[in-house]
Each structure stands twice: as C-alpha cells, then as structure tokens.
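# Got a predicted structure here, sequence first:
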Amino acid sequence: MPYVNTDRLTLITFTVEMMKATLNGQHQLKEITGYKAADEYPMEDYKQLLSYKIDRFTQHPEENKWEGIIIHKKDNTIMGDMGFKGGPNEEGEMDLGYSIVPSYQGKGYATEMTIAMVNWGLQQQNVNKITASCSESNISSIRVLEKTGFEQIRTEDKEIYWSI
C-alpha cells in the first residue's frame, strides 16, 4: 500500500523487514522505520500473529501490500496496525482488520483509519466490496463500523459480519 494520509494519521505498508524488527524490539523497529512505537505496541495477540505473517508474506510477497501500520502524525508514533487479510478474493471482496493500542483508543483514530482504508481499498483493481467482522461484545468496533457506513450482514457464533 502506498502512503495513505489522513488529518491525523499516516498508513504505510508493514513490510516483512519491519515485522521482524518488531519481534526484536521497539528500538530495532524505530531504526528501520524512523517511527517510535507506542509502549503497548504490538499488542500481545498481534505479536503472536507476526511469525505467521512473516512466513506468509515471505512465501507470498504480493500479499504484503495489503498489510499496514498506523502512525500518529503528531506523536510520530506507531499506534496500531491494519490490513486487508491477503487482498481481494475471487468475488472482489477484501476483509478489513485492525487494532489500536489502548492509549490511543477512544479518540476517533479507528474511525479515521477505517474511512481512509475503505476509500483506498475500493479504488484498487478487482475490488468491489469491503467486509469486516468483530465480536458481539466489541462495542468499540461495532460503533466504528456503524459510523463508517458498514452494514451488518449476519451474526454467527457471537461474531458480527459487516459489509460496505
């Protein structure tokens, strides 16, 4: 993904090199990116996914362009990550996922990022729909998805599925 800028955020590709640096510590990530990372970054559940993503994107480098990090412009700080889970499927759908560290939550950043990513995603070749999912108990994500124009399409096993 090229640089995507919003009023308060910069969204850039999270390369395999950056992922490896993340696992080696925030100092190394800053050396490679020029951005400091928020104290809570990466969150524990995402850290566990990084090894899988490194392997996946090493084998399928074309998918890496759909994976990104969220940088808070004013603080020059990596505050989260987002991506389209491998890019468009055969039907032209992409599934958006994201996480923002707790110290940056509740300030509208997820909404701002989601609007930017949906706009960017729908401009990509062979993409005609963006989907997302979240737990029924994830009130914050539900609010973000509602505010950004997603509509609920189904609920299954306490997971809500959305589309725009």
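Yep, that arrived.
# Which residues does stretch 97-111 contact?
By Cβ atoms under 8 Å, 6 or more residues apart in numbering, the surrounding residues in contact with stretch 97-111 are 8-9, 38-41, 43, 45-46, 70, 72, 79-85, 113-114, 117, 132, 140-141, 144, 147-148. (C-beta placed from N, C-alpha, C; glycine too.)
# one more time with 6 Å, if that's ok
Contact with stretch 97-111 is made by 38, 40-41, 43, 46, 79-82, 85, 144, 147-148, as judged by Cβ atoms under 6 Å, 6 or more residues apart in numbering.
# Go through those residues and name the one nearest residue 95.
residue 85 (4.6 Å; Cβ to Cβ).
# what's the burial count for that closest one?
Residues near residue 85, counting by other Cβ atoms under 10 Å, number 14.
# Quick check: residue 79 touching residue 36?
No: in this structure, residue 79 is not within contact of residue 36 by Cβ atoms under 6 Å, at 10.1 Å.
# pull the helix or strand with minimum mean pLDDT from the chain.
helix 44-59 (a mean of 90; mean pLDDT, DSSP states H and E).
# Mind checking what helix or strand follows that helix in sequence?
Counting by DSSP states H and E, the next helix or strand C-terminal to helix 44-59 is strand 67-72.
# now what about that following strand, what contacts it?
The contact list for strand 67-72, computed with Cβ under 6 Å, 6+ apart, reads 1, 9-14, 35, 78-83, 113.
# Grab the CA positions of that strand and hand them over as PDB.
Output in PDB follows, covering the C-alpha atoms of strand 67-72 (Å, rounded to 0.1, in the frame of the first residue of the first chain):
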ATOM      1  CA  GLU A  67      -0.800  -5.100   5.500                       C
ATOM      2  CA  GLY A  68      -0.100  -1.800   7.200                       C
ATOM      3  CA  ILE A  69       0.800   0.100  10.300                       C
ATOM      4  CA  ILE A  70      -1.000   3.100  11.700                       C
ATOM      5  CA  ILE A  71       1.200   6.100  12.600                       C
ATOM      6  CA  HIS A  72       0.000   9.000  14.700                       C
END
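# Within its sheet, name the partner strands of whichever helix or strand comes after that strand and how each one runs.
Downstream of strand 67-72, the next assigned helix or strand under DSSP H and E is strand 77-83. With DSSP bridges as the test, strand 77-83 is paired with strand 36-37 (parallel), strand 67-72 (antiparallel), strand 93-100 (antiparallel).
# Thanks a lot, see you next time.
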